[in-house]
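# this one's sequence-less:
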């Protein structure tokens, strides 16, 4: 099931067809219904709808659903984060330009605590194995520009493979959360 979409129009088109879909968990057909909105930071300056919950309804007329409630989201948003993929890209680009975690965070993410910045940096380190696996299945690693941290080499690989908006493109093409550790 597709979970990340480029824009709200694509999500609306998908949601029009959910009553004909089969649940990947229980196999019931015609049991999906809209379940509610997911609200939060959509972009740097915008707060709004980030995605929609859908629900495999156990009480539907077409059969017995399982109660599974996945979400469909904009690929420009990050799960459980109060900042957008665009803001995280700015932070990562600052790291690539040679700034420290402290300096990059103060420059681009000052509206969130510095402790969050260090936790996010450690989360990115934990995500490396999953990100690298997906990257290597799509393209070979680039020539090493950053001889230092392997994390920075991975960010360069992400940029080369997915372009400037690499987090949004990654989530849309791979259909996985960028910050997932499993």
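Done, it's in. This one's a predicted model, so the numbers in the text were calculated from it and none came from an experiment.
# what element comes up after the worst-scoring helix or strand of the chain on mean pLDDT heading to the C-terminus?
Scoring the helices and strands of the chain by mean pLDDT, DSSP states H and E places strand 32-41 at the bottom, with a mean of 87. Toward the C-terminal end, the helix or strand that comes next after strand 32-41 (DSSP states H and E) is strand 47-56.
# low-scoring pLDDT stretches of the chain, where are they?
43-44, 62-63, 144-148 (pLDDT under 70).
# Start from the N-terminal end of it and give the helices.
8-16, 85-96, 101-108, 114-136, 150-162, 166-174 (DSSP state H).
# Would you mark the buried spots in the fifth one?
Using 16 or more other CB atoms under 10 Å as the test for burial, helix 150-162 gives 151, 152, 153, 154, 155, 156, 157, 158, 159, 161, 162. Any C-beta I mention is one placed from the backbone N, CA and C, and that applies to glycine too.
# can I see the domain layout of the chain?
4-74, 85-174 (automatic domain parsing).
# what sits against the most far-flung residue of the chain relative to its centre?
Distance from the C-alpha centroid of the chain, by CA atoms, centre = their mean, peaks at residue 61 (33.5 Å). By CB atoms under 8 Å, 6 or more residues apart in numbering, residue 61 lies in contact with nothing.
# just checking, residue 3 touches residue 77?
No: counting by CB atoms under 8 Å, residue 3 sits too far from residue 77 to count as a contact (11.5 Å).
# Of those two, which one has the most company?
The neighbour count for residue 3 versus residue 77, taken as other CB atoms under 10 Å, is higher for residue 77 (24 against 16).
# Identify, from the buried residues of helix 150-162, the entry nearest to residue 51.
residue 162 (20.5 Å; CB to CB).
# Spit out the contact partners of the spatially closest residue to the closest one that is not a sequence neighbour.
Leaving aside its sequence neighbours, residue 162 sits nearest to residue 169 (CB to CB, 6 or more residues apart in numbering; 3.9 Å). Residue 169 is in contact with 75, 162, 163, counting by CB under 8 Å, 6+ apart.
# how near is residue 169 to residue 131?
For residue 169, the distance to residue 131 (CB to CB, to the nearest Å) stands at 13 Å.
# Tabulate the domains of the chain in CSV, adding columns for distance to residue 181.
Shown next, in CSV, are the domains of the chain (distance: least, CB to CB, whole Å):
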stretch, distance to residue 181
domain 4-74, 18
domain 85-174, 5
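# picking that back up, quick one: the residue nearest to residue 162 and residue 158, what's the gap?
9 Å.
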